[in-house]
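**Q** Model the structure of this input:
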Amino acid sequence: MTTIEIKDNNGSVIYTYEDYNATIKNAVENAVYNGVSLKNADLEEADLEEANLCGADLSNTKLKGACLRYAKLCKANLEGANLEGADLEEADLSFAFLKTANLDDADLCGVHLFGADM
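**A** You can find the predicted model right below:
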């Protein structure tokens, strides 16, 4: 059994996920599915390629250098999130809330931003 802990910016555990083949992507998707707020989470350098994070509260989350290629982030709250250097190629950010998000050096090639609040 593998255990993944999602921690906040202060190192406190927000969510714990256990599975035989647990990955950070599985843990984050499961947290979102179960309605857990990931506000202030530390997901720096996380591999979240193709993750379904629609409607997630990712406000003030550290996603610096994270891989979010083809991720579904529609209606996600990314206010104040640090996405510096993140790979968002072909990510769906439709109707996402991105005010004050740091997108410096992020790969935005093919990103879907229809209705996004920037």
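
**Q** For Cys109, the count of nearby residues, please.
**A** Neighbour count for Cys109, taken as other Cβ atoms under 10 Å: 11. (Each C-beta comes from the backbone N, C-alpha and C, glycine too.)

**Q** what's the answer for the one 4 residues further on, then?
**A** Other residues within reach of Leu113, judged by other Cβ under 10 Å, total 15.

**Q** Check Thr3 too.
**A** Other residues near Thr3 number 10, with proximity taken as other Cβ under 10 Å.

**Q** for the chain, what spans make up the strands?
**A** 2-7, 13-19 (DSSP state E).

**Q** Can you lay out the ones you listed as CSV showing mean pLDDT and distance to Ala81?
**A** What follows is the strands of the chain, written out as CSV (pLDDT from 0 to 100; distance: least, Cβ to Cβ, whole Å):
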stretch, mean pLDDT, distance to Ala81
strand 2-7, 96, 15
strand 13-19, 96, 15
